[in-house]
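Participant: model the following, please.
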Amino acid sequence: MFLTKVRPSLWKQSSVTLRRGWVNGKCFATVASSSDFDEVMNLVKQRSIDYFYAGCMLPECMKVPFFVAQCFNTEVAAVRDHINGNVIAGRMRLQWLRDEINNHYEKNTVGATATLKCLFQMIDDYKWSFSFLDRIIEARELDLNDDTIQSCTDLDTYGECIFGSLGFLLMQSFGIVDDHMVEAWQRFSHTMAYGLLLRGTPYHFKHNKTYFPKDVCEKFGLLPIKACDLNSDAVRNVVKHLTDTALQNYKEAAAIWKEGSKGENKAFEDMVLLTTPSVFYLEQLRKHDYFILNKSLSSPFMNVKLQNRLLVQKKLHRY
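Facilitator: Sure thing, here's the model as predicted:
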């Protein structure tokens with residue numbers, strides 16, 4: 001049976017019911033209860049079921065910090081969905097989150113939501129750097145602008161800000177500083193960004209938008225989205241280029257990851273499974289001849305196949 005829960009004991013290990021600190025003569029407390037962590041788990045399951053499955057495959061010690069980091073990422077990403085095009089409101093919400101985090105670093109303040117309470121617990125327990133959290137917020141601020149992605153390099157940078165930061169927070173939690181693993185994860189984040197873009201493309205098409213990098217569109221003669229045929233060779237060629245580029249990058253990064261995840265780092269080798277949701281989708285897209293509107297790519301059976309893929313990878317250490 002596929003793992004769908006994190007053992008309650010993990011919450012207890014990670015959650016200190018009351019943590020106190022003294023700043024300028026005043027006592028502050030960080031509170032993160034088991035119910036807060038349960039809410040975080042449920043939010044990840046609701047918002048990103050594929051990464052919930054992948055997170056369940058992580059080494060036990062990594063599960064709690066990953067789910068908290070991923071919940072924070074999904075909460076920041078959800079801001080855009082709740083503002084109805086009001087960019088100012090979105091920026092205000094993101095700035096509020098940034099200020100809340102800053103206040104905790106400076107004054108050890110208590111989080112206003114379950115997500116922030118658990119996030120602050122991780123900051124205290126694992127000494128997470130503000131810079132990684134801020135990069136996630138910065139990337140989502142760019143989302144609010146709804147600007148065209150100019151190049152694949154810009155897409156790589158976007159991936160580093162989100163997926164790179166998530167991975168580096170986990171590495172920071174357990175003192176992973178191996179150069180091979182750092183380089184590999186940076187490259188993994190590029191593949192994950194390509195997967196994110198392509199998975200969202202059918203939805204974007206329905207709203208007469210596309211976020212294909214401009215330089216790739218020009219290379220294959222793809223017209224503006226409102227003028228192009230979604231079944232055209234130009235669209236398929238762009239999708240093929242992005243898919244093949246992402247999978248080749250993953251293959252090269254995986255070889256680097258294997259070099260780094262030896263010896264004392266062997267216990268963290270399965271962290272690579274966090275890339276599986278994106279890689280699996282890209283492989284399925286290639287299997288269906290790069291036809292991004294193929295209905296099977298959005299079928300509920302994709303989740304079943306993903307779970308099976310994760311179980312096999314974890315058992316055989318195949319990636």
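
Participant: the domain parsing of this protein - what is it?
Facilitator: Domain assignment for the chain, taken from automatic domain parsing, gives 1-147, 148-319.

Participant: spell out, range by range, the strands that occur in this structure.
Facilitator: Counting by DSSP state E, the chain has these strands, from start to end: 19-23, 26-30.

Participant: lowest mean pLDDT across these, which one is that?
Facilitator: Mean pLDDT is lowest for strand 19-23 out of these, coming in at a mean of 40.

Participant: quick check: phi and psi at Pro213.
Facilitator: phi -60, psi 140 (degrees, to the nearest 10).

Participant: an error on my part: the question was meant for Thr113.
Facilitator: Per-residue torsions, Thr113: phi -130, psi 170 (degrees, to the nearest 10).

Participant: repeat for Lys127
Facilitator: Dihedral angles (degrees, to the nearest 10) for Lys127: phi 60, psi 50.

Participant: I figured it hits Phe174, correct?
Facilitator: No - judged on Cβ atoms under 8 Å, Lys127 makes no contact with Phe174 at a distance of 11.3 Å. Where C-beta positions appear, they are placed from N, C-alpha and C, glycine not excepted.

Participant: more neighbours: these two, which one.
Facilitator: Phe174 (16 against 9; other Cβ atoms under 10 Å).

Participant: now the more buried one: closest residue in space, sequence neighbours ignored.
Facilitator: Phe268 (6.5 Å; Cβ to Cβ, 6 or more residues apart in numbering).

Participant: please verify my assumption that that neighbour contacts Gly175.
Facilitator: No - in this structure, Phe268 is not within contact of Gly175 by Cβ under 8 Å, at 10.0 Å.

Participant: the more surrounded of these two?
Facilitator: Between Phe268 and Gly175, counted using other Cβ under 10 Å, Phe268 has the larger neighbour count: 20 against 9.

Participant: which residues touch the more buried one?
Facilitator: Neighbour list for Phe268: Pro59, Met62, Phe174, Ile176, Met181, Ser261 [criterion: Cβ atoms under 8 Å, 6 or more residues apart in numbering].

Participant: number of nearby residues for the last one?
Facilitator: Spelled out, it's Ser261. Ser261 has 22 neighbours, counted by other Cβ under 10 Å.

Participant: how about it, what does it touch?
Facilitator: Residues in contact with Ser261, defined by Cβ under 8 Å, 6+ apart, are Asp178, Met181, Phe268, Glu269, Val272.

Participant: again, only using 6 Å
Facilitator: Going by Cβ atoms under 6 Å, 6 or more residues apart in numbering, Ser261 touches Glu269.

Participant: next, work out how far apart it and Val177 are.
Facilitator: Per Cβ to Cβ, to the nearest Å, Ser261 is found 13 Å from Val177.

Participant: same thing with the first one?
Facilitator: Using Cβ to Cβ, we find Pro59 at a distance of 17 Å from Val177.

Participant: what about these two, which has more around it?
Facilitator: Shown here are Pro59 and Val177; by other Cβ under 10 Å, Pro59 has more neighbours (15 against 10).

Participant: phi, psi of that one?
Facilitator: Taking degrees, to the nearest 10, you get phi -50, psi 150 for the backbone angles of Pro59.

Participant: quick one: the helices in this structure, in order.
Facilitator: Taking DSSP state H to define them, one finds helices in the chain at 8-14, 34-47, 49-56, 60-78, 87-107, 114-126, 130-145, 152-159, 165-173, 179-206, 214-219, 233-260, 276-287, 301-316.

Participant: tell me the mean pLDDT over the second one?
Facilitator: For helix 34-47, the mean pLDDT works out to 96.

Participant: how about residues contacting that helix?
Facilitator: Counting by Cβ under 6 Å, 6+ apart, Trp11, Phe52, Phe67, Val68, Gln70, Cys71, Thr74, Ala114, Lys117, Cys118 sit against helix 34-47.

Participant: out of those residues, which one has the lowest pLDDT?
Facilitator: Ranked by pLDDT, the contacts of helix 34-47 bottom out at Trp11 (46).

Participant: neighbours around the residue nearest to Val76 when sequence neighbours are not counted, how many?
Facilitator: Excluding its sequence neighbours, the residue lying closest to Val76 (Cβ to Cβ, 6+ apart) is Arg140, at 4.7 Å. Per other Cβ under 10 Å, the neighbour tally for Arg140 reads 22.

Participant: good, we can wrap up now.
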